[in-house]
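Novice: Could you work out the structure for the sequence below:
(2 chains)
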Amino acid sequence: MATMTMIEAIRSALREEMARDESVVALGQDIGQLGGVFRATDGLLKEFGADRVFDMPLAEAVIAGSALGLAVSGLVPVAEIQFLGFTHQAFHQIAPQLARYRYRSQGRYNAQVTIRTPFGGGVRTPELHSDALEAQFVQSPGIKVVMPSNPYDAKGMLLEAIRDPDPVLFCEPLRGYRLVKGEVPEGDYTVPFGHSRVTREGTDVTLVAWSAAVQLAERAADRLAQEGIEAQVLDLRTLVPLDVAGLVSAVESTGRCVVVHEAPLTAGFGAEVVATVQEEAFYSLEAPVARVAAPDTPYPIASIEDYYIPSVERVVDAVRRTVDAK
Amino acid sequence: MTDQPSADDRKTEAELDLDRKKEEVEESFAGPGERLEILAPDGTVRPGAEVPLGTEQVRDALRWMMLSRTVDVRAISLQRQGRMGTFSAVRGQEASVVGSSFALDPARDWIVPQYRELPGVVRHGFPLDGYLLYWMGNPAGGRVPDGVRVLPLQIALAAQLPHAVGLGWGLRLQGSDSVVTTYFGDGASSEGDTHEAMNLAGVTRAPVVFFLQNNGWAISTPRTKQTAASNFASRAEGYGFPGVIVDGNDLFAVYEATRQAVERARRGEGPTLIESQTYRMGAHNTADDPTRYMEPVELSGWDERDPIRRVTTWLSAQGAWDDDAEREMQAGIDRQVDEAIESAEAFTPPNPEQIYTHVYADPPERLRAQQRAALDPH
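Specialist: Below you'll find the predicted structure:
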């Protein structure tokens, strides 16, 4: 086991998979010579050459769309879209094309394509870089939506994604790239999709989160523990497939639930979590399920983003209200 | 000057108007020498031009063109009877589709279609009954049989172009000499995907033939509202590869232009844009009412450019075509189309379970539960 950052874990997954399977190719803007703007692909061009690592024109739609064609040709493309906020320019190639290629062709063609893309705020990027758009892709059946929160999951889930015969949107928490560290095994392992994980035990309330919001929930849980509230933290890990059984079992164990995410409140994936909990675990609930999310505004410019992203204080407040509810 | 009235003086206003339209059609094309033309509208070979296909091949191509027009008539009739969903006819573009597809080798080349290339994709191996089944609304019709090198029909126009580039590029990276031909139109040329795909194809020198059928109309929008440029082919220069214009109603010229582009791609010299100047001789599809925006084809100046008639005229002049030959060929086509319709209509009717299949290789448990609940509510 080695201690790695998120970005190191992602890089190690890419490197090992490209070494293991020569049909795997990487494509994206600035991923070759530069090694990616966050260095996720550092060293790949040198090791695997220009026939497997492609610096692409600045054109998100054709990055996603040509990846589909590359997949049909027999290669296994791993595309990088530099920021999730820029996937809007490729949305029509991802949602109605990549996601439904198996469906539209009645199984003749599948799109074994992984799209890696960093997202989320907190690092003072310029406008339009930081949006948490994951729920938009959840509404596009056919693609899996994967949201690792830590280096162990990042490596194991990226390997799982690349080998998945269906397209996977692999969202990487931007501010966790170097901040979040953890133990990562040497060599090959995969983390299967659709299995949530309790990252912190607790009996009073369940905090449901994914990606960078998991660390936020854990910090809030630390704070709450000082007041005698024991919060359980559930990392969903993948939104599609959703681990309904894991979610229900976690919420049933505490009877209270708060969902935390970085996307705007209305119709965010938190709404899906709440709906699922009330359908499946209604009679175990002691209090209404709360949501802590960004406001229904566009992502603001960097200097005020800290007021937009859910904070530890907001999570703590929401938990207190939930626990106090009669 | 004589006292005899000229031929024009004897024409009615309507006839003169039609003459003017025909001139406009001619003038709407690029000037002489810039457009590949072999078979003139009157069925004669243009001076100095060579016929690139043998007589038997021409008869074979004609059969595909006649098949296409027969399917158009039958499918529209079926739609009116409620036995067919929305259908987009090929009428007018038969030389464009068949001529280009004849330059492709179904054993190694790929077609990435939109949805108005019936004779091309069927010649390439997509079964006619399956094609009809798709437009009848049965999802099973969307499946391209294994081994047939055709991608699914594309409804979101121009979205197929990035796929074609990725496919061609990927095949080349794996050492194949396959060529990918993708079809789109004057309307789709305005989409961003067209730009992104052509640009990437230029950069990667992908073995792709961009076959743009300029049929004059995007539903109701005329070509002049898609672009201020005099033609589409000149865009290729901006992407670093050649663009050529061809008379899209000229089977020989379309075949020859595509053959050259395919050979070029196969040699590793990269993509070509072909602008096939043709005409949609009818509605966009069965839901469209072209009387709101276009004249009947007889009054458009395009009727006499009919791509089928000029091939039969040429074949007749070769002594390889007459009324008996036409009757015999048409009878065979009618039988083939009857059988395809019968087979499509006899296909297992669609059932609700098909909603849930082929979404994922391994469906999420939640989707499985939805399927169980919907199909077996008890």
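Novice: how about low-confidence regions in the chain?
Specialist: Picking chain A for this. By pLDDT under 70, the weakly predicted segments of chain A are A:326.
Novice: could you do chain B instead?
Specialist: Using pLDDT under 70, chain B drops low at B:1-8, B:26-33.
Novice: mind giving me the domain ranges of it?
Specialist: B:36-347, B:351-377 (the TED database).
Novice: Equivalent analysis for chain A, please.
Specialist: Taken from the TED database, chain A resolves into A:2-184, A:197-324.
Novice: tell me how far the ends of the longest one are from each other?
Specialist: To tie it back to what came earlier, the one meant is domain A:2-184. 5 Å (C-alpha to C-alpha, to the nearest Å).
Novice: Any part of that domain near chain B?
Specialist: Yes: for domain A:2-184 and chain B, the contact criterion (C-beta under 8 Å from any C-beta of the partner chain) is met by A:25, A:51, A:56-57, A:59, A:61-62, A:64-75, A:77, A:92-93, A:96-97, A:101-110, A:141-142, A:144, A:164-166. Every residue, glycine included, has its C-beta placed from N, CA and C.
Novice: so who does the residue sitting nearest the centre point of chain A touch?
Specialist: The centroid of chain A falls nearest to residue A:147 when counting by C-alpha atoms, centre = their mean (1.9 Å). Residue A:147 is in contact with A:134, A:171, A:173, A:210-211, A:236-239, counting by C-beta atoms under 8 Å, 6 or more residues apart in numbering or on different chains.
Novice: Count the residues that sit near residue B:376.
Specialist: When neighbours are counted by other C-beta atoms under 10 Å in any protein chain shown, residue B:376 registers 7.
Novice: Now do it against residue B:349, distance only.
Specialist: Going from residue B:376 to residue B:349 by C-beta to C-beta, to the nearest Å gives 19 Å.
Novice: now swap in residue A:261 and tell me
Specialist: 44 Å.
Novice: again, but for residue B:165
Specialist: 38 Å.
Novice: and if you look at residue B:184?
Specialist: According to C-beta to C-beta, residue B:184 stands 33 Å off from residue B:349.
Novice: Of the two, give the one with the bigger neighbour count.
Specialist: Ranked by neighbour count (other C-beta under 10 Å), residue B:184 and residue B:349 place residue B:184 first, with 26 against 9.
Novice: Phi and psi next, for the more buried one.
Specialist: With angles defined as degrees, to the nearest 10, residue B:184 shows backbone torsions of phi -160, psi -180.
Novice: That one: what's it in contact with?
Specialist: Residue B:184 touches B:114, B:157-158, B:160-161, B:194, B:210-213, counting by C-beta under 8 Å, 6+ apart.
Novice: Identify the bridge partners of it.
Specialist: Beta-bridge pairing for residue B:184 (DSSP bridges): residue B:212.
Novice: How many neighbouring residues does the residue nearest to residue B:108 when sequence neighbours are not counted have?
Specialist: Nearest residue to residue B:108, sequence neighbours excluded (C-beta to C-beta, 6 or more residues apart in numbering or on different chains): residue B:178, at 4.7 Å. Counted with other C-beta under 10 Å, residues neighbouring residue B:178 total 21.
Novice: Could you tell me which helix of chain B is the longest one?
Specialist: Using DSSP state H, we find that the single longest helix of chain B is helix B:55-80.
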